[in-house]
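A.B. asks: quick one, fold the following:
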Amino acid sequence: MIRVLVVDDSAFVRQALTRMLASDPGIEVVGTASDGAEGHAKACALKPDVITLDVRMPKMDGLEALRRIMKDCPTPVLLLSSHTSEGADVTMRGLEIGAMDFVDKSSVQGQMNLLELAEELKSKVRALASVPRARMVALLPRPWPSNKGAPRPTQARGRAEVVVIGTSTGGPPALQAIIPRLPEDFPSAVLVVQHMPVGFTKSLAQRLDSRSVLNVREAEDGEVVAAGCVLVAPAGRHMKVRRAGGATRVWLDDEPRAALHRPSIDVLMASVAQVYGARVLGVILTGMGSDGVEGLRAIRKAGGRAVAESEETCVIYGMPKAAAEAGVVDDVISLDRMADEILTAIP
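C.D. replies: Now for the predicted structure:
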C-alpha cells in the first residue's frame, strides 16, 4: 500500500482528495493536516510514502512546511497549485526546494469538479511513491558549479547547432542543473520541452533566466531560433521549427491533436531533425512515459547525437529508460555531467 498524507487548509479539498486517493485499492490516506505546521509534524510522525501539499495555507504556508519536511523527514511531495502568476511562481520555488511534482487544481471550474483531477493525482502519487528513498535524499537540491567564463572542452565534437532537451516529472530542478551552467559565449540554440500545465512554463523560463547568463524565455510564435538563446515551449501548444526568410523560426500550433502531451518532445525533436539534420543534440531527462523516443530516433536517423539521463540521477527513470531500451541513445549521462556533455557537442 502507498501511504499518503494530505495537507490542505480546505476541509472540502481534504475530503475530496481523500476520496479520490482511496478509490485506488493500492493507496491509503494515513492522515490529513489543515496547515503547514501540522503537516510537518504529521509527516515526521507518520512517515508517509507521499505527501500532497497545498502551497497556500495560513499559519505556516506550503513552502515553509516543505523546507522543514525536506530538512527533518525527506518525503516525496506533490504540490497542489494554481496557474495564477503568483501561484505559478510559488510552485516553481517549491520544485526548487525539493517537491517532485505538482498538479494544477485550478484547471477545473469550481470545487465540485475537483474529481476531474483524480486520475492525474493517483498517477502522480504512484509515480512518486516508486522513487527509492535513498535516491530521493540524494537528489535534494544542491548548488551546481557555474561554467561562466570557463573554456569549452578541448575534445569538442563541434557539430550541434541546436540542443533539444525534453523532460517531465523532476524536470525543473534538472534544468536548473544544466541551463545555468552553460557559459555566456554558448554558440548554439537550446530548445526545451517541459511537460507542465498551461500557465506555468513562463514562470519556469523566468526562474531559469534569473539564474543563467544565457537569455531564457518562453518561446513565441515566429521568433528566430538564435545562438545563445534558450527557448522553453509554452504549455498547451506544440513547438516546431521551420526555415523562413533565410532564418529558422519557432512555429507554434496544435497539431497533432492526438499527441499525449502538448507540447510533445517527439514533435519538436522530429521537426528540428528535419531542419538541422546532423547538427542536433537530443537530450532526454527525468520523467514518466516514453515521450522523446521517436524524437531521438529521428535525430539519430538524421545523423545527430542522442543522450539520456542516467537512472541514478533521475527522479523518475521513465522517459530515459524507454529511450535506452528502444536503442535510440548514444550515451547515458548523469545529471552532474550533462552540461559538460552538451559543451562537447557544440561548434
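
A.B. asks: these two touch, right, V198 and A235?
C.D. replies: Yes: applying Cβ atoms under 8 Å as the test, V198 and A235 come out as touching, 4.6 Å apart. (Glycine included, C-beta is placed from N, CA and C.)

A.B. asks: tell me which of those two has more neighbours.
C.D. replies: A235 (22 against 14; other Cβ atoms under 10 Å).

A.B. asks: which regions of this structure sit below the pLDDT cut-off?
C.D. replies: Counting by pLDDT under 70, the chain has low-confidence residues at 83-85, 107-116, 139, 141-158.

A.B. asks: so what's the residue count around V164?
C.D. replies: 30.

A.B. asks: for the residue nearest the centre of the chain, what are its contacts?
C.D. replies: With distances taken as Cα atoms, centre = their mean, the residue of the chain nearest its centroid is G171 (2.4 Å). By Cβ atoms under 8 Å, 6 or more residues apart in numbering, G171 lies in contact with 194-196, 285-287.

A.B. asks: contacts only, for the closest residue to T248 other than its chain neighbours.
C.D. replies: Excluding its sequence neighbours, the residue lying closest to T248 (Cβ to Cβ, 6 or more residues apart in numbering) is V225, at 4.5 Å. Applying Cβ under 8 Å, 6+ apart to V225 gives the contacts 162, 189, 191, 231, 241, 247-250.

A.B. asks: check E220 too.
C.D. replies: Neighbour list for E220: 250, 252 [criterion: Cβ under 8 Å, 6+ apart].

A.B. asks: part of a helix, is it?
C.D. replies: No: according to DSSP: H, G, I helix; E, B strand; the rest coil, E220 belongs to no helix; its state is coil.

A.B. asks: that one and T201, how far apart?
C.D. replies: 12 Å (Cβ to Cβ, to the nearest Å).

A.B. asks: can you give me the strands in this protein?
C.D. replies: 2-7, 27-33, 50-54, 77-81, 101-104, 162-167, 189-194, 215-218, 229-232, 238-244, 247-253, 280-284, 305-309, 331-333 (DSSP state E).

A.B. asks: can I get the ones you listed in a markdown table including distance to R67?
C.D. replies: Below are the strands of the chain laid out as a markdown table (distance: least, Cβ to Cβ, whole Å):
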| stretch | distance to R67 |
| --- | --- |
| strand 2-7 | 14 |
| strand 27-33 | 16 |
| strand 50-54 | 11 |
| strand 77-81 | 11 |
| strand 101-104 | 16 |
| strand 162-167 | 24 |
| strand 189-194 | 23 |
| strand 215-218 | 25 |
| strand 229-232 | 26 |
| strand 238-244 | 34 |
| strand 247-253 | 37 |
| strand 280-284 | 30 |
| strand 305-309 | 26 |
| strand 331-333 | 30 |
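
A.B. asks: closest one to D340 among those?
C.D. replies: The closest of these to D340 is strand 331-333. By Cβ to Cβ, the value is 8.7 Å.

A.B. asks: distance of T344 from H40?
C.D. replies: Taking Cβ to Cβ, one finds T344 at 43 Å from H40.

A.B. asks: who's more crowded, these two?
C.D. replies: Taking neighbours as other Cβ under 10 Å, T344 and H40 compare with H40 leading, 24 against 17.

A.B. asks: do I have it right that that one meets D72?
C.D. replies: Yes: using Cβ under 8 Å, H40 is in contact with D72, at 7.2 Å.

A.B. asks: which residues does L252 form a beta bridge with?
C.D. replies: Judged by DSSP bridges, the bridge partners of L252 are M239.

A.B. asks: okay, now it: neighbour count?
C.D. replies: Neighbour count for L252, taken as other Cβ under 10 Å: 17.

A.B. asks: same check, this time on Q206
C.D. replies: 16.

A.B. asks: list the contacts for it?
C.D. replies: 89, 216-217 are the contacts of Q206 under Cβ under 8 Å, 6+ apart.
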